Structure formats: C-alpha cells, structure tokens
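1. what's the 3D shape of this:
(chains A and B)
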Amino acid sequence: DGGITQSPKYLFRKEGQNVTLSCEQNLNHDAMYWYRQDPGQGLRLIYYSQIVNDFQKGDIAEGYSVSREKKESFPLTVTSAQKNPTAFYLCASSRLGAYGYTFGSGTRLTVV
Amino acid sequence: DAKTTQPNSMESNEEEPVHLPCNHSTISGTDYIHWYRQLPSQGPEYVIHGLTSNVNNRMASLAIAEDRKSSTLILHRATLRDAAVYYCILRDGGAQKLVFGQGTRLTINP
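-> Okay, here's the model as predicted:
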C-alpha cells in the first residue's frame, strides 16, 4: 500500500543536539512538506519542496534545515538554533496542483 | 494566504447529521476549499475538497455557497469515530502549501 512513513514515532534529545526526523513516501508525489504542531494549536509550515534538490521556507523555518536529494525522501533536521524544539512534527506529500495532502503519523520530539 | 473562520467547537449526537460551517469571505477565484480532520496524536486526514460545485465522497459532502464566501462540511450520520478537529483550508491551485487555522473541535455524544 502506498503511504508516507515518519520515523521514529517518539524522539528524545538533549538540549543543544541536532536531530534529524525521517520522512519517506512511496506515492510518487512531487511535493513534500514539514509542519510543526504545538499542544492545542493548528499546524505551522516549516519547509516545503516541489521538486528534487529544491525547497522553500515556510512560516517558521528558523532553526530547521531540510534536504530533498530523492523524490521519496524529505528529512528535517532540528538544529540547536531552534529555541523551542519540543513539538509534534508532521510530514505530508501531495501531487502538484490543488490536490489533497497525505500526512504521516508524526514524530513527537522532546528536548530535555 | 486567504483566511478561513470556523467555530472553535461544536457538539452533536451519534447517528445524527453534522453541519460544520466555514467562512472565507476573501476567497479568490482560483482557491480550492479543502477539509481535513485530525484525531488526537495523529496526522491530519484529507476529507474532501471542491472549487464551485457541491462535492460528495464516501466520508462527507461539501456544500459551497453560490458566492463561494462560505462552505459547509456535512457528515450525514455521525459516529463516535468522527470526533476530531476539523480544518477548513483554502488552497490556491497554483500554490503548493496549505495554511492551517485553529479548526473546529467536534464532539460526538453517544
């Protein structure tokens, strides 16, 4: 079955460490996205990519970095520059155009 | 990005229809209306989308006002599994990002 996989589901890191969240899709979607969700809040866009080797900043890109070396993969690195990294991170993909998104099940990152 | 307005919360009873409203008075001609829902600790799930005409699928119906300044997501017969946060979002056909608001928290009473 086609889908989008995020790993790990839960992640704990010490303050000051970089951490990379994985996102893989086998839907042959061109576009991929990273969102952050804080408790009781809606989703905020971090980065998105429409094609391989190209990506754009979203509304809250500071302290995050991404790469898109393969169509299927869009990893997100949470750097030590991110002031408040503890959150629920969601990856999504879609076909180009006004189509619906498919979301992963999320990674809950806790920085201690 | 065009903005949508939804009630913070709604409540309904199991096996009854639910009408979730969304206002989008600044919608442009190329904006599609998308609906997603999110269960606790899960990623959002696509529900339905439309441009001008009403749309139906196995999950729900989308009724779009003639002037397109509002829309309503209709769950025909609510079940306890429909309890979730429902997001109404506008997506430009050329833009490649969705901007989420706060959504409507739907509670279903047994």
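
2. list the buried residues in stretch B:27-34.
-> B:27, B:31-34 (16 or more other Cβ atoms under 10 Å in any protein chain shown). Where C-beta positions appear, they are placed from N, C-alpha and C, glycine not excepted.

3. now that stretch: how far from the chain's centre is it?
-> 13 Å (Cα atoms, centre = their mean, to the nearest Å).

4. check contacts around residue 90.
-> Assuming you mean chain A. A:Leu90 makes contact with A:6, A:34-37, A:43, A:103-104, A:106, B:43-44 under the criterion Cβ atoms under 8 Å, 6 or more residues apart in numbering or on different chains.

5. you answered for a different chain; I wanted chain B.
-> B:1-4, B:24, B:27, B:31-34, B:99.

6. now do A:Phe88
-> For A:Phe88, the contact set (Cβ under 8 Å, 6+ apart) comprises A:36-38, A:106-109, B:41.

7. which among these end up buried?
-> Using 16+ other Cβ under 10 Å, the buried ones in these are A:36-37, A:106-107, A:109.

8. mind putting those in CSV, secondary structure, pLDDT and distance to chain B included?
-> Formatted as CSV, the buried ones among the contacts of A:Phe88 follow (DSSP: H, G, I helix; E, B strand; the rest coil; pLDDT from 0 to 100; distance: Cβ to the nearest Cβ, whole Å):
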residue, secondary structure, pLDDT, distance to chain B
A:Arg36, strand, 96, 11
A:Gln37, strand, 95, 9
A:Gly106, coil, 96, 5
A:Thr107, strand, 96, 10
A:Leu109, strand, 96, 13
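
9. nearest to A:Ser80, of those residues?
-> A:Leu109 (13.2 Å; Cβ to Cβ).

10. follow-up on the earlier one: out of the buried residues of stretch B:27-34, which touch chain A?
-> Contacts with chain A within these, as defined by Cβ under 8 Å from any Cβ of the partner chain: B:32, B:34.

11. of the buried residues of stretch B:27-34, closest to A:Gly63?
-> Distance to A:Gly63 across those (Cβ to Cβ) is lowest for B:His34, with 28.2 Å.

12. doesn't the closest one lie inside a strand?
-> Yes - looking at B:His34 with DSSP: H, G, I helix; E, B strand; the rest coil, it is inside a strand.
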